[in-house]
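1. Here is the input, now give the coordinates:
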Amino acid sequence: MTTAPAMEPAVVARGSLAGRLIWLAATWSILALALTGLVLTTAFRDTANRRLEGLLQATDIEVAAVTSVQGDYVVTPPVQDARTLRAYSGKYWSVVESNAENGFEALTRSQSLFDYGLPPPTSGASMILAAPGEPYVYDAIGPDDQPLRIMAVARTLPNREAPVIFLSAIDRSEVDQDISNFALLTWTALAVLGVGLIAAVFIQVRVGLNPLYALGTAVADVRRGSLQRLSGTYPTEIAPLAEELNALLDHNQEVVERQRTHVGNLAHALKTPLAVMLAEADGSKGKLADTVRKQAALMRAQVEHHLQRARAAARAQLTYERTAVDEVLDELASLLERAFQSKSIEIDWRSPEGLAFRGERQDLQEILGNLLENACKWGHARIRVEAAPAGPGRLSLRVEDDGPGLPADQHQAVLKRGTRLDEEAPGTGLGLSIVDDLVKSYGGRLELGQSDLGGLRVDLELPATGG
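-> Predicted coordinates for the structure are as follows:
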């Protein structure tokens, strides 16, 4: 069977607008919070280190003030700081000079160092001696594997030619712990704040875009046939869009109504001359009259076929019509059972409540009427019709009879206009062709097969409305 070509979508979706807004806001928030965290932790670390250096500088000044040269010795009285008097207390000072290995050789030291010498920086004593009077700060490991912050200052003492280096050291374990605690607290707080900001952005975007979602739902309802126009109040930004969509719907309605009017006018213009020709032929006898009568009847059938097709094409543009399938089946079954009462035809139909065709009632009547009449004509006694949903926005219909059926190689032939496989049977051969055209005009499909009742099976798929 041939099917209508699939229509390509006019618009291709490229990601979610809400997703883009959330992603951009989340990215900016994360970057801003990360930068804030780096600035805060760096500032706290620098402040804590400056505080340590301030303590070291005070110790350095105090030691330098009381240090003197007595003979060949450098002498420093005990500094009045209890921590420098207790072994391995965490606060130390020492006066050293550079040795041949570019290291330190202690001249005097605080009691807190006991027998331990403060280590030089990795670059050696030369870096300190190169800038006399300038403090040189570095980190090292002290007694009991304590992390130390050390300040070294090179000075020249009276009565001594070689410069000496004053070292002040302090245990930085507590400061490092404070920095770690501050960093942990800061990053935890910023992480919680980041999650909260992203959640707030998500809620804000969803709430802010709710009118767009509502507009999309309303447009879908119009397309499914639940609504004829967009209604409700929309924000200023999208209200013009809703108005333009309503204007487009009105324009489409107007175009369809004009098409219907033109089709009606054409039907009237063609049917009248044909009626006159048939009347004249009926009043005459002879071969010419019979030929005119036969050809005029065929022309009338062809005109009806094309007019029906034009009407269906026009109506199919209006997607908000809704027709209950069970009502049409019930009406047609009652009518045809009476019409074929002489054959005791029984039409057994089933359709879920609420199943609706997205299209005009008379088109569904035309489709099912032709199929059921054809089934009653060729069936012996039993006709079966089943309707069911067939996925989102689709419904299926199956019409079966217990007649002689149709060979598979003739399925396509009967769908052609004017094809009659039995010339003795009444009709014009347009019934299934009209059905096929109507179904295609609604974007559906028709397929013929063999019924398990013994006769012909016709399967249809048509658009359905939701709710």
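2. From here on, just use CA atoms for contacts and neighbour counts.
-> OK.
3. Quick check: buried residues in stretch 322-341?
-> Buried residues in stretch 322-341, defined by neighbour count with 16 or more other CA atoms under 10 Å: 322, 323, 324, 325, 326, 328, 329, 332, 333, 336, 337.
4. Please flag which of the residues you listed sit within strands.
-> 323, 324 (DSSP state E).
5. ok, which pair from the buried residues of stretch 322-341 is furthest apart?
-> Maximum pairwise distance among those (CA to CA): 25.9 Å, between 322 and 337.
6. pLDDT weak spots in this protein?
-> 1-15, 224-226, 260, 263-265, 267-272, 283, 301-320, 413, 415-431, 466-467 (pLDDT under 70).
7. Distance to residue 85 added to the buried residues of stretch 322-341, as a markdown table?
-> Listed next are those as a markdown table, based on distance: CA to CA, whole Å:
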| residue | distance to residue 85 |
| --- | --- |
| 322 | 98 |
| 323 | 101 |
| 324 | 101 |
| 325 | 102 |
| 326 | 103 |
| 328 | 107 |
| 329 | 108 |
| 332 | 113 |
| 333 | 113 |
| 336 | 118 |
| 337 | 119 |
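8. quick one: which of the buried residues of stretch 322-341 is nearest to residue 48?
-> Nearest to residue 48 among these, with distances taken as CA to CA, is residue 322, at 76.1 Å.
9. roughly how far apart are the nearest residue to the closest one once chain neighbours are set aside and residue 256?
-> Spatial nearest neighbour of residue 322, excluding adjacent residues (CA to CA, 6 or more residues apart in numbering): residue 358 at 5.0 Å. Here residue 358 is placed at a distance of 16 Å from residue 256 (CA to CA, to the nearest Å).
10. quick one: which of those two has more around it?
-> When residue 358 and residue 256 are compared for neighbours, residue 358 comes out ahead with 29 against 19, by other CA atoms under 10 Å.
11. how about residue 391, secondary structure?
-> With DSSP: H, G, I helix; E, B strand; the rest coil as the basis, the three-state label of residue 391 is coil.
12. Show me what residue 165 is bridged to.
-> Beta bridges link residue 165 to residue 96, residue 154 when assigned by DSSP bridges.
13. can you pull the contacts of it?
-> 95, 96, 97, 128, 129, 152, 153, 154, 155 (CA atoms under 8 Å, 6 or more residues apart in numbering).
14. Over to residue 30?
-> residue 194 are the contacts of residue 30 under CA under 8 Å, 6+ apart.
15. quick one: it is in a helix?
-> Yes. Counting by three-state DSSP, residue 30 is found in a helix.
16. Could you report the distance from it to residue 197?
-> 9 Å.
17. again, but for residue 230
-> 35 Å.
18. what's the answer for residue 183, then?
-> To residue 197, residue 183 is 20 Å away according to CA to CA.
19. Looks to me like residue 105 is in a strand.
-> Yes. Assessed with three-state DSSP, residue 105 lies in a strand.
20. Tell me the bridge partners for it.
-> Bridge pairing for residue 105 - DSSP bridges - gives residue 97.
21. Can you give me the domain boundaries for the protein?
-> 45-178, 209-320, 323-463 (automatic domain parsing).
22. Any idea which of the ones you listed gets closest to residue 192?
-> Nearest to residue 192, of all these, is domain 45-178, at 20.9 Å by CA to CA.
23. Ends of that closest one, what's the gap?
-> Termini of domain 45-178 sit 9 Å apart (CA to CA).
24. For stretch 206-214, buried residues please.
-> In stretch 206-214, counting by 16+ other CA under 10 Å, buried: 206, 211, 212.
25. how would you label residue 293: helix, strand or coil?
-> Following three-state DSSP, residue 293 is assigned to helix.
26. And residue 102, by the same measure?
-> coil.
27. go on, residue 348?
-> strand.
28. same deal with the one 5 residues further on?
-> In three-state terms, and counting by three-state DSSP, residue 353 is coil.
29. Neighbours of it, how many?
-> Neighbour tally, residue 353, other CA under 10 Å: 11.
30. For the closest residue to it other than its chain neighbours, which residues are in contact?
-> Nearest-residue entry for residue 353: residue 326, 7.0 Å, with adjacent residues in sequence omitted and distances by CA to CA, 6+ apart. Taking CA under 8 Å, 6+ apart as the criterion, residue 326 is in contact with 350, 351, 352, 353, 355.
31. what separates residue 326 from residue 436, distance-wise?
-> 21 Å.
32. isn't there a strand covering residue 138?
-> Yes. Judged by three-state DSSP, residue 138 forms part of a strand.
33. Bridged to it, which residues?
-> Residues in beta-bridge contact with residue 138 (DSSP bridges): residue 150.
34. Counting neighbours, what do you get for it?
-> 14.
35. Also residue 398?
-> Residue 398, neighbours per other CA under 10 Å, totals 20.
36. and it, which of the three is it?
-> Going by three-state DSSP: residue 398 is strand.
37. With the one 5 residues further on instead?
-> Taking three-state DSSP as the rule, one finds residue 403 in the coil state.
38. Let me see the contact set for it.
-> 375, 378, 379, 380, 454, 455, 456.
39. For it, which non-adjacent residue is spatially closest?
-> Closest to residue 403 by CA to CA, 6+ apart is residue 379, at 3.8 Å.
40. cool, and residue 235?
-> residue 211 (7.2 Å).
41. element containing that neighbour?
-> In the assignment (DSSP states H and E), residue 211 maps to helix 210-224.
42. residues in contact with that helix?
-> Taking CA under 8 Å, 6+ apart as the rule, helix 210-224 contacts 227-231, 234-235, 238, 242, 319-320, 358, 393, 464-466.
43. and the gap between residue 363 and residue 355?
-> 16 Å.
44. nope, residue 367 is what I meant
-> Distance from residue 367 to residue 355, by CA to CA: 16 Å.
45. Tell me where this protein has strands.
-> 68-70, 73-75, 91-98, 104-109, 136-141, 147-155, 164-171, 323-324, 346-350, 356-357, 382-389, 394-401, 445-450, 456-463.
46. Of all these, which one comes closest to residue 300?
-> strand 445-450 (25.6 Å).
47. quick check, distance from that closest one to the centre of its chain.
-> Offset of strand 445-450 from its chain centre (CA atoms, centre = their mean, to the nearest Å): 38 Å.
48. Much appreciated, bye for now.
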